[in-house]
Structures are given as C-alpha cells and as structure tokens.
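>>> Any chance you could fold what I've pasted below:
(4 chains)
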Number of protein chains: 2
Amino acid sequence: MQHQKLATIEDVAAIAGVSIATVSRAINEPGKVADETRRRVTEAVAKTGYTTNAMARSLRMRRSNMILILAPDVGDPNFSNILVGLETEASKRGYGVLIGNTQNDPSRETDYLRFISSNQADGLILFTGHLPYGFGQQHGEARLPPIVAVNEPVPNSDVPYVGVDNFEGARVATEHLISQGHKRIAFIGHSTSKAVNVLREKGYRAALDGAGISIDPRLILDGDGTTESGRAAAEHMFVRDVLPSAFFCVNDATALGVIIALNTRQYVLPRDFSIMGFDDISFASFVTPALTTMKQPRLKIGEAAMNVLLALLEGKPSTQPETLLRAELIVRSSVSRAGRGE
Amino acid sequence: MQHQKLATIEDVAAIAGVSIATVSRAINEPGKVADETRRRVTEAVAKTGYTTNAMARSLRMRRSNMILILAPDVGDPNFSNILVGLETEASKRGYGVLIGNTQNDPSRETDYLRFISSNQADGLILFTGHLPYGFGQQHGEARLPPIVAVNEPVPNSDVPYVGVDNFEGARVATEHLISQGHKRIAFIGHSTSKAVNVLREKGYRAALDGAGISIDPRLILDGDGTTESGRAAAEHMFVRDVLPSAFFCVNDATALGVIIALNTRQYVLPRDFSIMGFDDISFASFVTPALTTMKQPRLKIGEAAMNVLLALLEGKPSTQPETLLRAELIVRSSVSRAGRGE
DNA sequence: TCCGTCTATGTAAACCTTTACATGATTCAT
DNA sequence: ATGAATCATGTAAAGGTTTACATAGACGGA
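The predicted structure follows:
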C-alpha cells in the first residue's frame, strides 16, 4: 500500500483511446490537438488522477526546474527573508528551490555540486561570495550553470549580482545625520577586505563631501561588522578622547556594540550621542533606544535575483552586471538633533 | 558549449572495458565486483569525471532522495534555525532539501503536492500543523508519503511529532521564578486554541501546584502570542489593579509586550517586576532588561526531526509518536528576587 | 570425471517521458 | 481533377540508470 502504482501517461492514453504522444501534446501543447481529443484526454486525466512524473520528464528534457541556493548560514535571519522572495518568485514560475548550507566548508560546497552535475538543478544562487570550491576544475567536473550572486558579489567573475545599493544607502544615512545638524560624524566599521564595508564608507564620504564637511580621519574606525568590534571602536574613541556627535555604523550589529559601550558609560541616548545603523535587522526596533537605520529591501532582493536567474535560464542574455536596490531610511529614536553646536 | 554532454555510465563502461551493469555495481556495491575490475572502473570514472545522473537513477529507483519542507513562513527566524538542523542531517545522509513557503495559502499547499505526487520528494516535514490541503483526497490524488511534524503537531493524525517539551519547559521556567521567591506569578498568553499555549499553561500550573502555591485565576490572562497581546494583557492588570510580582509569558514576543507596557508606566525592571519569556528568540538578549527565558534547542529539533523521517523512509517502524526535547533555562537580567515579600 | 555451487560478469527490460519523423486525411489552389 | 500544403495523430527512439535473470568459468567433493 506504500506505493499504489501511480497512473502513467500510458494509462491515460488507454482510457482516452489515443497514443501517449497525443496525451503528452494535449497536456503540454493543447493547441496542437483537436478539441474533441483534448476533451477526452482531460477527462481521462481527471479520472486517473494522473500527474506527470517529474523524474522522467527531467531525464528526457535535461532540466529539472530546480534552483539550488547555496548560503554559508541558512539560519541567518538576513538570509531567510531574502529566501522568501527567492522562493515566491521561483514557485510562481514553476521552479522548485533546493537549499544548501555550506557553513563555509569547502568540502560541503563541493558536495553540493552533485546537484548541478547530475542535472538536479538548472541554476544556482550564491550567497557565499565565491564560486563553490571545485568548480570549473578540469574536464568532467561540473560545468558552470547560470548563476546569480546575492548579497556578496563574486569577485573577478562575470556572475551577475543582485543586492542593496550600499553606496547610495550609506549616503542617505549620513545625509540624514547631517540634516539633523550633525557635523562630527564618526564612521565605525572601516575595512578594506569586505566589499560591503568599503562601499558604505564611500557613501559616508560622499555625503560629507556633498555637505562641504571636511573628513576627520580620527573619526573613521576599523571594524569587522560584529557587535564586539563596534563596542571596541566606541571605547577606543573615549580613550583617545576624540568624540563625534553621531555614529554612523557599518551595520546594525556594530551599532548595537556602540550602544552597549555608550550605555555602559552612562550616557543618555540619543540626547548625548546619535547612532545610525544599516540593515534593519529584527532586533533594531527592540534595542533602547530603538535604532534608526537603513532597511534592506530583502524581499525585493530575493525576487529580483530569482528573476535575473530565470531570465538567464530562458536564454535571455544578462542585461546588466548588477542590480542594485535602494535601502529605505527607517527613522526610530536613536538619532536626535545635534545639541551642543558640534 | 552550454552542455558539453556529460559522461554517462556507458562511456565509463567502454573505457574500462566492461558492461554498464558492472560499472553500476562497481559504484554501488563494490563488494560484488572483482578487485581488478573495480580498479579499472574507478580509473575510468576518474578519467571521464563521471557522476551518476540523479534523474535517471530516481526514475529507475522510484525515489529522489529529496525531502520537502513545508512551512507557513520561511522567513520566521524560529524556522530558519531548525532548518539548519534539518538540512545538516539530511545532507549527511545524502538527501537534498526542498523548501516550500505556504503562507497558509491552501492553493499553495496543494501546489507543492506535485513534488510528492511526481516522486520529486520522498518525504515531508510539516511546520504547518495540518496536512496540506488536497491531501488524501480521492483516488489519484497524492498518496501520503512518510511525514514528520515539527513545532506544531498535526491533530487527529498519527503523524509523528518532534518539538520542544513545552510542559516541562514551562514548569522549569515557573519553578525558577518560585525559586527567586515569587509567589504571585501571572501567566500571560492563555489560549485554548493553540496547543503550545495550552501545554505551557499546564506546566505553569504544575509548578505552582508542586510548590503548594494556590492559583489565582485573575493572574491568568488571555493572549495570542503577539507582542501587542502581551502589552494589552499587562495593561489590563493595572486597570483592574490585580498585580503579580512576576510575569511568566507564553513566549518572548508576549514578554516584550509586557516589558513595553511596564516601561511605559515608568517602572524600573527587574526591580519592580520580574519577567520570564519562552523561546529565546534573537532579540531576547537585546531588550532592556535582557530577557530571562527558556531556550528552544532549535538545532537539535531539526536534527531529531530529520532523523525520525529518515528512519521512516528506511522502513523502520515509527518508534514513538512524539519526540520532545528539553528547553534550557537562560538566565539574563529580567528576573530578580522577589522584593516586597509578595 | 562429473555434478553442484559459487563468483563475476553480461544482456536486456523497466522506469516514464518528450519529440523527430512518418502517415494518412483533409483542404486549397490551380 | 491533381498536386501541394496543412493538420491531427501515431510510431519509435532517446534520455541514463538499476537489477532480475542468464551465462560461463572456477572450484570442490564424491
């Protein structure tokens, strides 16, 4: 009773009194079949509950209508919201979504290639920022399928990229601080190694330039995007006693670190200092003070990325190398007007 | 150049000078093949970069080595951490993981059945708390594959369930409050419609019973698990002026609502009131005061659920109808010793 | 020496589609 | 009336495996 022998196209053909080719056509290209025949087939399908066997179809057609999504950490909330967009769009177009958690482990990355090399997936979405280890090796190794990178671009490649416009978002964020009267604005999270950090810093600089505010290098501090690095950077400023009136942090996690440092030093926020984050991760609205930040359009990023990939799969040449979506300014309470004329 | 015609088992057979049957055996049942032959096949595989076509294999073997995961909201952080466990365990055993976001939409649920009925997935993990709409209909409709329910059991069914032990967790949480000297402990989140809420309330009652504390029905308030319902419930207590010294909330979201209500009323926490949550969602450590709560073993839940499903797939009879995992008490700062002798 | 057993391998069917090509009927233009 | 073109359908191959069954050789015991 486990497997009650599902109806095949042959059963349908027998009942409808036609050949299996006609059944296939009636289902996939209804226009190519006479009205009366189509009716009989439809009826037979209904009677048997026939549903076409995806395996046989994939084998014959050499494609699976599946998309493989590779991410270093599937548990990352930032990822999962983008996933919703990816999945929604894929499902709309009849594609299924396969996920692989690489944990930045090369052997796991290689392992997932089997989905590609055995035709189990037609396309690939990468959150890892690099091609899976083992790709494009010698002959016989997995060929490159259509690929789209999300969040982290793949350097030195022509893989199309979809993500938030970090430069523009950082500029808007910094301009918001400027519009509140801030002139001494720190940037926490300088890093030459992460593309995201670099772009956001550029946006920060562009905003200050645009407002004719000269940049004080002592207000630009290193960070790696973690809460701890944010805390350490803020602490460092107090030790050196070079203080800003506002902190623009490379991301919300860093901003949280800054808030912790300032709270620890008994400052009242946002009276004494303003803080601006980037990302709008889920806890941003729960910190005290609630974090003013730039919201990543995660759903849209997912949808856009999947659409780019599906276009590629349909053979449409990739239109543009990257698709950038705007971040949205979310005003909460961690930013106030500059007080002491700084 | 798109498809460079991957090597097939036939190519390997030709190079190794054996039949395709032998190649298949050399790969899948190495013991059944002579050492020398096995060596030649292995060599030929290496030379061609052969990798078995999963579609053909699935077609022949009538199983896909894929698991379909259906969840109402894939973006839910609670889900995504469980997903990590599910995926890890599946991947270890050579299974792929397919995900479907139902958004509680019956038509989407039905839509995903195609994966089952076309043999694209061998088993099903359900987060939805009910069988997909359209299941078990008349003949021809999708047959039930092996299924495991996670987080929300499927009522009136024999679907095995894996989740946290809500009763036990709630008891431990309440006992913790009691151990801190609290006697007037409110329960926020009473509901007869959600299994989770009912179980947690039972745990709460059991702890009070165990400590010989009589239950004041006025301290048990309705809620649906949302932050707003928590805020409203706390507010309600002040209006009626029936006050506890501690709040045990059905989940962290509710606890957040209570904290917001108390902060708004200018109480100092946890000096004036203690608050205990359940779940340990990501923001729990960032609220002020940081929330003491019961941590769900999400990773383990995922792993356990997948293992139950895989056992089912291997034909092992389901051992027990439900697998309950213990929640862990996470002490932060929202609970303090009872102050005013209450 | 002969027979039965065991081992290693090969042959071919089955899994279920899609689709190139063939066929026969019908329509249309000349 | 005839040939070409169009249309609806059928036949059969191809897609790449796994595996039941067949075969043949080696081996051991009587």
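
>>> Surely A:Ser107 is in a strand?
No - using DSSP: H, G, I helix; E, B strand; the rest coil, the secondary structure at A:Ser107 is helix, not a strand.

>>> Apart from its chain neighbours, what residue comes closest to it?
A:Tyr133 (7.8 Å; Cβ to Cβ, 6 or more residues apart in numbering or on different chains). Placement of C-beta: from N, CA and C, glycine included.

>>> And what about the one you found, helix, strand or coil?
The assignment at A:Tyr133 comes out as coil when based on three-state DSSP.

>>> Against DNA strand D, how distant is A:Gly277?
From A:Gly277 across to DNA strand D, the span is 51 Å (Cβ to the nearest atom of the strand, to the nearest Å).

>>> quick one: that residue and B:Arg332, what's the gap?
22 Å (Cβ to Cβ, to the nearest Å).

>>> between these two, which one's more packed in?
Using other Cβ atoms under 10 Å in any protein chain shown as the criterion, A:Gly277 and B:Arg332 rank with A:Gly277 on top: 31 against 16.

>>> how about stretch A:67-82 against chain B, any contact?
Yes - Stretch A:67-82 reaches chain B (Cβ under 8 Å from any Cβ of the partner chain) through A:73-77, A:79-81.

>>> got a winner among those for most neighbours?
Using other Cβ under 10 Å as the neighbour test, those are led by A:Val74, with 25 neighbours.

>>> residue contacts, the closest residue to it other than its chain neighbours?
Nearest residue to A:Val74, sequence neighbours excluded (Cβ to Cβ, 6+ apart): A:Asn101, at 4.3 Å. Neighbour list for A:Asn101: A:71-75, A:108, B:84, B:87-88, B:91 [criterion: Cβ atoms under 8 Å, 6 or more residues apart in numbering or on different chains].

>>> closest to DNA strand C among these?
B:Ser91 (25.6 Å; Cβ to the nearest atom of the strand).

>>> Is DNA strand D within reach of the helix or strand bottoming out on mean pLDDT in chain A?
Taking mean pLDDT, DSSP states H and E as the measure, the helix or strand of chain A with the lowest value is helix A:106-117, at a mean of 90. No - using Cβ under 7 Å from any atom of the strand, helix A:106-117 stays clear of DNA strand D, with a minimum separation of 9.9 Å.

>>> Beyond that helix, next helix or strand please.
strand A:123-126 (DSSP states H and E).

>>> Next secondary structure after that next one?
strand A:147-150.

>>> The helix or strand following that following strand pairs with which strands?
Beyond strand A:147-150 in the direction of the C-terminus, DSSP H and E gives the next helix or strand as strand A:161-164. For strand A:161-164, the paired strands and their directions (DSSP bridges) read strand A:147-150 (parallel), strand A:322-325 (parallel).

>>> Of all those, which one comes closest to DNA strand D?
Closest of the strands paired with strand A:161-164 to DNA strand D is strand A:147-150, at 22.1 Å (criterion: Cβ to the nearest atom of the strand).

>>> who in the stretch 51-200 of chain A is up against DNA strand C?
Selection of the stretch 51-200 of chain A residues close to DNA strand C by Cβ under 7 Å from any atom of the strand yields A:52-53, A:55-57, A:59-61.

>>> most neighbours, which of these?
Ranked by the number of neighbours (other Cβ under 10 Å), those place A:Met55 first, at 23 neighbours.

>>> residues touching it, list them.
When contacts are counted by Cβ under 8 Å, 6+ apart, A:Met55 touches B:55, B:58-59, B:64, B:118-120.

>>> Distance check, A:Ala290 against A:Asp252.
11 Å.

>>> between these two, who's got more neighbours?
A:Asp252 (27 against 16).

>>> what sits against the nearest residue to that one once chain neighbours are set aside?
Residue nearest to A:Asp252 in three dimensions, not counting chain neighbours: A:Gly277, with 4.0 Å by Cβ to Cβ, 6+ apart. Listed by Cβ under 8 Å, 6+ apart, the contact set of A:Gly277 reads A:249, A:251-252, A:254-256, A:284, A:291-294, A:334.

>>> Tell me where the model's unsure across chain A.
Scanning chain A for pLDDT under 70 picks out the ranges A:1-4, A:136-143, A:340-342.

>>> domain parsing for it?
Per automatic domain parsing, the structural domains of chain A span A:9-52, A:64-159, A:166-296.

>>> Columns distance to B:Val148 on top of these, output as TSV?
Output for the domains of chain A, formatted as TSV (distance: least, Cβ to Cβ, whole Å):
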stretch	distance to B:Val148
domain A:9-52	24
domain A:64-159	18
domain A:166-296	28
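
>>> With respect to B:Val33, which of those lies nearest?
Nearest of the domains of chain A to B:Val33, taken as Cβ to Cβ: domain A:64-159 at 21.8 Å.

>>> Distance across that closest one, terminal residue to terminal residue?
The first and last residues of domain A:64-159 sit 22 Å apart, counting by Cα to Cα, to the nearest Å.

>>> Tally up the residues packed near A:Ile259, please.
Neighbours of A:Ile259 (other Cβ under 10 Å): 28.

>>> That one and DNA strand D: what is the separation?
Applying Cβ to the nearest atom of the strand, one obtains 56 Å for the distance of A:Ile259 from DNA strand D.

>>> What residues does the closest residue to DNA strand D within the stretch 201-342 of chain A make contact with?
With Cβ to the nearest atom of the strand as the measure, A:Leu313 is the residue of the stretch 201-342 of chain A nearest to DNA strand D, at 19.1 Å. By Cβ under 8 Å, 6+ apart, the contact list for A:Leu313 reads A:122-123, A:146.
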